[in-house]
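> give me a model of this one.
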Amino acid sequence: MNNLRLLALLGAIFLMPSLVSMISTDSVLASSVIAAEEKKEPKYKDVKTRKRASVGKTCAKALDKVQGEKGPIGIAGAADEKADVSALWLEARAMLSNIESRKKVCDSAYEQTQVWNMQGYVSYSLDDMKSAILYYKKIVESDGAEEEFRLNTRLTLGQFYAATEQYSLAIEQLEIWAERSFVVGAEQRLMMAQLYHLLERKDEALEMANIGVAEAEAKGLLPKEGFWNIQKVIYYDRDNLPMVSSILEKLVKHYPKWSHWRQLAGMYGSLERDLDQLVATDVVYLNNELKTEGQVLNLAYLYLGAEVPFRAAVVMEKGMSDEIIDRSPKNLETLGQAWLQAKNLPQALKAFEAASKLSDTGELQYRIASIYLDLGQDKKAYRASLKAERKGVGKNTASNYNKMGSALINLHCYKDAVKVFNKSVKAADTKKKKRFPKQWIKFANYEGDRLQKLRDVGATVPNCSKA
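Numbering: from 1, shown residues only. Okay, the predicted model is just below:
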């Protein structure tokens, strides 16, 4: 839409040549040119030339008062860009309306087109697009306008229709213009492609975009970004993901916008090119262009999937520090899991403990118990496993009892350990899972009896220290 509006504004370029060419026929310059042409002997006598229409003396004088150096259009054009010249344009409109109402001033069909052209330009300058369109439409439909002038005006009219979201009328004018024009430039071809796409005429939009790309490449030029954008959207709608990926690779090379990089990363993901997706996403991240929680979390998950947990954890830590990622129980748990996979137990414990303060689930306490046990902090491991037991850990019930039992053995609480390992045996659903706690039951019974015999003979041995 922005491109269409910009192109509509550029339509004024086609108005300026016709305004400049309106030189009064009684001016010194015009008189000398006419005199020279009258005296000059034609070089090729037999060649038939087309007689060009011209503005009469009376009409030229009237129009010169509007557009000349002392006229409101001339003064407005010479004014500073920041100056308010709306009053001058309104004055010009009033003067032109007066000229049009006086039929004898500019009475020929050609002269009328020149008046309409100037009125259209004034209306455009007043942001009155509706009136500008009406005047240019008159020129296009008039027999008084020369073909080249009518053709240029038709292009401008199409652009103005597009700017006012009258897309069907816009493409109608542009199709006629393109059929009769000697050259269809890239800007105009792109606009037609965009209009076709807006009108759901996808085949014609794609064809126009393909031509635009082919013409540019044939000349050794860089195709306009808009052509590739249209191709990209249409091929995506048609589920041609490899083609979309190929176009995006060209876009990031020649028009390196972060939106293109993000789309390319997403396309690689759809094509299951996971490593390429990770690299493309990381390029955006390293340039601080991942702005949302979802985008940063996606990168962290990509690193976890690529078995690079340390990088995933660093990305999440920074995201939380920058207040992009919410310190929610789920996110903190993911962070803890990343640190755990990266073998950084203190950082993992810190993340899990932070998560437990917000959502103290049995699963979290089970993970915390595991880390405390690995760190040799047996009392804390025992207490965390008790919390996990009370809250419930589902399929990890037997495993939680095993951790609790291991902590109790380390604390020399052998009788308690036997009770806990017996619970693990009951909770285990396979013979393989039952084997581990049964072995520990034997060890606990043996070690408990051995230490008790040593106590009986007066030896100093460790006592249960779970409290």
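> tell me how many other residues crowd Ala459.
9 (other Cβ atoms under 10 Å). For glycine as for every other residue, the C-beta is placed from the backbone atoms N, C-alpha and C.
> cool, and Leu271?
So Leu271, with other Cβ under 10 Å, has 14 neighbours.
> that one contacts Ser245, correct?
Yes. With contact defined as Cβ atoms under 8 Å, Leu271 reaches Ser245; the gap is 6.2 Å.
> who's in contact with Gly310?
One correction, residue 310 is Phe, not Gly. 338, 342, 344 (Cβ atoms under 8 Å, 6 or more residues apart in numbering).
> typo on my end, Leu345
Leu345 touches 339, 371, 374-375, counting by Cβ under 8 Å, 6+ apart.
> how near is it to Leu411?
20 Å (Cβ to Cβ, to the nearest Å).
> Pro309 too?
Counting by Cβ to Cβ - Pro309 and Leu411 are separated by 31 Å.
> so where's the stretch 351-467 of the chain uncertain?
467 (pLDDT under 70).
> repeat the analysis, applying 90 as the threshold.
359-361, 393-394, 429, 448, 451-467 (pLDDT under 90).
> how does the protein divide into domains?
Domain assignment for the chain by automatic domain parsing gives 1-28+57-182, 383-467.
> in TSV: the ones you listed, plus distance to Asp276.
Shown next, in TSV, are those (distance: least, Cβ to Cβ, whole Å):
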stretch	distance to Asp276
domain 1-28+57-182	30
domain 383-467	36
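> between the ones you listed, which one is nearest to Ser356?
Among these, the nearest to Ser356 by Cβ to Cβ is domain 383-467 (8.7 Å).
> quick one: distance of the closest one to the chain centre.
58 Å (Cα atoms, centre = their mean, to the nearest Å).
> any idea where the helices of the stretch 351-467 of the chain begin and end?
With DSSP state H, counting those that start in this stretch as the criterion, the stretch 351-467 of the chain has helices at 362-374, 378-391, 397-410, 414-427, 431-456.
> can you list contacts of the first one?
Meaning helix 362-374. Outside helix 362-374, the residues touching it (Cβ under 8 Å, 6+ apart) are 329, 333, 336-337, 340, 345, 348-349, 352-353, 355-356, 378, 380-382, 384-385, 387-394, 396, 399-400, 403-404, 406-407.
> redo that, cut-off 7 Å
333, 336, 345, 348-349, 352-353, 355-356, 380-381, 384-385, 387-388, 391-393, 396, 400, 403, 406-407 (Cβ atoms under 7 Å, 6 or more residues apart in numbering).
> same question for stretch 109-122: list its buried residues.
110-122 (16 or more other Cβ atoms under 10 Å).
> neighbours around Arg180, how many?
12.
> surely it touches Leu151?
Yes. Applying Cβ atoms under 7 Å, one finds Arg180 in contact with Leu151, separated by 5.8 Å.
> give me the three-state assignment for Leu169.
Using DSSP: H, G, I helix; E, B strand; the rest coil, the three-state assignment for Leu169 comes out as helix.
> show me the contacts for the closest residue to it other than its chain neighbours.
Using Cβ to Cβ, 6 or more residues apart in numbering and skipping the chain neighbours, the partner closest in space to Leu169 is Tyr161 (4.4 Å). When contacts are counted by Cβ under 7 Å, 6+ apart, Tyr161 touches 133, 169-170, 173.
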